[in-house]
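**Q** Got a predicted structure plus its sequence, pasted below:
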Amino acid sequence: MKLKIGIFDSGIGGFTILGNLIKTREDIEVFYLADTKRVPYGNKNIEQIRFIAKDICNWFKDKNLDALLIACNTTNACALDILENNLQIPCFDLINSVSEIVTKKYIGVLATPATIKTSYYKKIIESKRENVKVFQQACPEFVREIEKTNLDLNKLNYLSDLYINPLLKENIEEIILGCSHYPLIYDVLKSKMHANIRIIDPSVALVNNFNNSFLIPKSSCYESTSNDNIKFFVTQNSEDFSKKVKYWLEINKEIKLVNLRSND
């Protein structure tokens with residue numbers, strides 16, 4: 001019996017969660033929803049994000065999910081309560097997951113403007129650890145650049161310097177990639193930091209939390225998750241998204257176009 005897992009993001013950011021998930025277990029059926037019609041979420045206001053979260057819940061309600069993996073930090077920060085209250089299933093989120101694995105005193109967070117505005121990362125981490133300081137940096141242009149079919153490395157290098165340098169001035173010891181898109185350009189970001197700075201990918205912490213809650217069967221002899229058990233849904237541009245699935249995940253799948261209740 002396979003676990004039915006929902007993953008959603010505004011676009012390809014959830015590939016970081018999906019990629020880590022399918023490396024660890026095969027007893028899953030995944031419904032991946034990308035709200036490509038409204039990407040990026042991170043430049044919207046909190047009220048818009050909460051409205052979108054209700055749409056997401058309505059779409060997932062008839063999928064009989066065992067758990068939801070929240071791949072969007074912005075929705076996590078602005079509307080976690082809506083997802084949990086409406087779906088009434090275990091919801092695994094990035095921010096609470098990663099707050100359990102920070103170890104240093106000076107923490108930097110790269111995230112979308114909407115996530116930074118809530119200060120969710122700062123509040124959660126500082127509530128769980130004493131004598132810790134969290135420095136936040138909004139990155140308004142990252143997601144649009146990462147969502148491009150052909151990455152502009154010159155632009156990404158420029159933006160990385162722009163966003164990371166203010167955090168480096170605070171002598172940070174760990175930096176959290178507080179948007180699920182950002183690990184997709186890990187190498188670019190890594191090249192801008194000192195070797196002693198630990199880069200934290202929240203998707204790893206989320207998947208570990210999920211695997212600790214839904215234990216992998218002892219009888220399972222892991223090979224790989226069948227691509228037949230992964231279903232992709234988008235709200236716009238299915239052909240373009242198909243190219244991204246092939247590029248980032250090396251999966252060749254039909255991408256289904258769906259309408260959310262009020263996707264306009």
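**A** Cool, got the structure. Keep in mind that this is a model prediction, so the values were computed, not measured.

**Q** how far is stretch 22-34 from where the chain is centred?
**A** For stretch 22-34, the distance from its own C-alpha centre to the chain's C-alpha centre is 14 Å (Cα atoms, centre = their mean, to the nearest Å).

**Q** In it, which residues are buried?
**A** Buried residues in stretch 22-34, defined by neighbour count with 16 or more other Cβ atoms under 10 Å: 22, 25-26, 28-34. From N, CA and C alone the C-beta is placed, and that goes for glycine too.

**Q** where does the protein have low pLDDT?
**A** The model of the chain has pLDDT under 70 over residues 219-226, 261-264.

**Q** which residues in it form strands?
**A** Along the chain, the stretches classed as strands by DSSP state E are 3-9, 28-34, 67-70, 91-93, 106-111, 133-138, 174-177, 198-200, 230-234, 255-257.

**Q** in its sheet, what does the second one sit against?
**A** Read that as strand 28-34. Here the strand partners of strand 28-34, with direction, are listed using DSSP bridges: strand 3-9 (parallel), strand 230-234 (parallel).

**Q** which residues are contacting the first one?
**A** Think strand 3-9. The contact list for strand 3-9, computed with Cβ atoms under 8 Å, 6 or more residues apart in numbering, reads 14, 17-18, 21, 27-35, 56, 60, 63-72, 75, 180, 214.

**Q** Over to the shortest one?
**A** Identification of contacts with strand 230-234 by Cβ under 8 Å, 6+ apart yields 18, 22, 29-36, 241, 245, 251, 253-258.

**Q** how about 6 Å then?
**A** Outside of strand 230-234, the residues that reach it under the criterion Cβ atoms under 6 Å, 6 or more residues apart in numbering are 30-34, 36, 241, 253, 255-256, 258.

**Q** got the CA positions of that strand in CSV?
**A** Extracted as CSV, the C-alpha positions of strand 230-234 are listed here (Å, rounded to 0.1, in the frame of the first residue of the first chain):
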residue,chain,number,x,y,z
ILE,A,230,4.7,10.7,-9.7
LYS,A,231,2.0,12.8,-11.2
PHE,A,232,2.6,16.5,-12.2
PHE,A,233,-0.1,19.1,-12.4
VAL,A,234,0.3,22.8,-13.4
